[in-house]
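S.K.: what follows is a predicted structure for the sequence shown.
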Amino acid sequence: MTNDERTTGMGLWTDAKNMLAAAKLVSAEEHLVTPAYYLAGHGIEEVFKAYLRSHGHSIGKLKKIGHNLIIARNEAIRCGFEDSYTLNGQEKTVIGQLNGYYKDKHFEYRVTGYMSLPLLPDLIALGERMLYSIKSVCMASIGI
């Protein structure tokens with residue numbers, strides 16, 4: 001069985017759900033802010049990739065997107081994401097604010113200095129809104 005056969009949009013949807021749930025749990029601890037941002041960013045990345053996989057994107061194509069939330073978002077929008085969830089200007093700004101830090105792995109490897117980040121609860125809530133808006137698309141892609 002190939003990676004494309006094994007990895008479904010619904011599987012990636014479940015991964016996104018788990019990442020966002022973990023972000024919510026971890027964010028309750030003040031000293032775990034950095035891991036919470038990583039988990040939230042990864043959850044949002046997986047939301048976009050779940051949508052894309054459900055629309056036939058191969059695993060190879062998803063890997064080429066990498067961890068760039070802007071590229072993932074724009075590709076998902078190009079494939080009709082906003083038929084399920086329309087991102088408003090503020091939400092696009094929030095994703096953009098997170099993107100530079102997330103794609104450059106600032107949450108995985110210590111980087112000092114000031115960061116201008118969106119509020120963590122807002123970020124997690126955005127991820128959850130997007131996640132649940134695409135659930136039926138991901139389910140339909142596996143025949144449910």
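M.R.: Received the coordinates, thanks. Residues are numbered from 1 along each chain as shown.

S.K.: show me what contacts Phe107?
M.R.: For Phe107, the contacting residues are Thr34, Pro35, Tyr37, Tyr38, Gly41, Tyr101, by Cβ atoms under 8 Å, 6 or more residues apart in numbering. C-beta here means a position set from N, CA and C on the backbone, and glycine is covered the same way.

S.K.: tell me which residue of this protein is furthest from the middle?
M.R.: Largest separation from the mean C-alpha position in the chain: Met1, at 25.8 Å (Cα atoms, centre = their mean).

S.K.: and the residue nearest the centre of the chain, what is it in contact with?
M.R.: The chain has Ile44 as the residue nearest its centroid, 1.5 Å off, counting by Cα atoms, centre = their mean. Taking Cβ under 8 Å, 6+ apart as the contact definition, Ile44 lies against Ala16, Leu20, Leu69, Ile95, Leu98, Leu123, Leu126, Gly127, Met130.

S.K.: closest one of these to Tyr114?
M.R.: The closest of these to Tyr114 turns out to be Leu98 (Cβ to Cβ; 15.1 Å).

S.K.: so how far is Ala76 from that closest one?
M.R.: 16 Å (Cβ to Cβ, to the nearest Å).

S.K.: report the two of the contacts of Ile44 separated the most.
M.R.: Farthest apart among the contacts of Ile44 by Cβ to Cβ are Ala16 and Leu98. That separation is 14.9 Å.

S.K.: please pull out the lowest mean pLDDT helix or strand from the protein.
M.R.: helix 3-6 (a mean of 78; mean pLDDT, DSSP states H and E).
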